[in-house]
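Colleague: Return a 3D structure for these sequence lines:
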Amino acid sequence: MTYKSASPHNAPAFLLLHGFGGGPWEVEPLAEALRAKGCLAAVPTLRGLSGSSRREMGHHSHEDWIHAAEQAYKALRRQTDNIVLAGFSTGGLIAVHLALKYQPAALIFMSVPVRHWDLKRVMTNLAEDFKHKRADHLRYYMKSAVKFPLRALFEFKRIQIRTKSRFGQLSCPCLILQGLDDDTVHWKSAERIKTGIHSQNPKPEVTLEYFEPAGHVLLHGPASRQVILRILKFLQDSCIL
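Modeller: Model (predicted):
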């Protein structure tokens with residue numbers, strides 16, 4: 001886990017959570033942008049969720065993922081009371097559970113999978129491969145199909161199902177960011193998250209924005225700069241930065 005220097009207890013700090021089979025690199029560009037603003041940013045590697053070891057992924061439950069993220073949250077709370085959660089993909093599902101327990105200042109969702117795989121986009125990508133006589137997307141999809149152990153895939157489905165009904169319990173300001181050309185997470189997931197959050201009264205502030213082209217890993221895709229600028233604007237508008 002990486003930290004900047006300690007900050008006063010009213011200064012904002014950020015816990016950035018990576019996705020399924022990924023790692024801190026997925027959210028590091030945002031961490032760098034926040035540190036450039038003088039903020040404290042924590043980017044933990046979540047054991048069992050990181051793709052560094054297929055064997056390790058097969059030995060951990062989604063409760064372990066949440067516990068690892070919670071330990072990182074508690075470490076941040078020893079330095080500041082003003083914490084913002086940001087989760088990429090499965091990290092966004094984990095962030096919901098932390099938010100319900102600890103009431104952060106805000107919550108940022110990036111490509112969070114309420115609805116998985118956009119089959120129409122997958123077919124479009126495969127057609128592009130065929131048209132240009134290449135197999136880039138096909139190799140990626142075939143690799144993804146065998147990359148993860150069944151236990152890890154089962155745990156992903158468990159946390160996905162478990163979280164779907166909990167968006168309506170969130171009370172903090174939320175920013176939802178989604179790529180329209182994301183083949184891993186269906187773009188309609190973002191609207192479902194927004195609708196879920198707004199199912200309660202009073203309704204918390206929710207901002208939704210789509211990007212295209214963007215891909216799945218928003219902070220490393222063609223819209224990465226726009227995504228970071230949009231997050232910074234949200235934080236300024238919410239009087240966090």
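Colleague: I figured I228 was touching L219, is that so?
Modeller: Yes: if you go by Cβ atoms under 8 Å, I228 and L219 touch, sitting 7.1 Å apart. Bear in mind the C-beta positions are built from the backbone N, C-alpha and C, glycine included.
Colleague: and the next element down the chain from the lowest-mean-pLDDT helix or strand in the chain?
Modeller: Least confident helix or strand of the chain, by mean pLDDT, DSSP states H and E, is helix 136-147 with a mean of 53. Under the assignment DSSP states H and E, the closest C-terminal helix or strand after helix 136-147 is helix 150-164.
Colleague: ok, back up a step: what touches both of I228 and L219?
Modeller: Here I228 and L219 have P29, L30 as joint contacts, going by Cβ atoms under 8 Å, 6 or more residues apart in numbering.
Colleague: the more surrounded of these two?
Modeller: Per other Cβ atoms under 10 Å, whichever of I228 and L219 has more neighbours is L219, with 26 against 17.
Colleague: tell me the contacts of the closest residue to that one other than its chain neighbours?
Modeller: With sequence-adjacent residues excluded and distances taken as Cβ to Cβ, 6 or more residues apart in numbering, L219 is closest to P29, at 4.4 Å. Taking Cβ under 8 Å, 6+ apart, we find P29 in contact with L219, H220, S224, I228.
Colleague: can you map out the helices along the chain?
Modeller: Under the criterion DSSP state H, the chain contains helices at 28-36, 54-57, 62-77, 90-102, 119-131, 136-147, 150-164, 188-197, 224-237.
Colleague: rank those helices by pLDDT, which is bottom?
Modeller: With a mean of 53, helix 136-147 has the lowest mean pLDDT of the helices of the chain.
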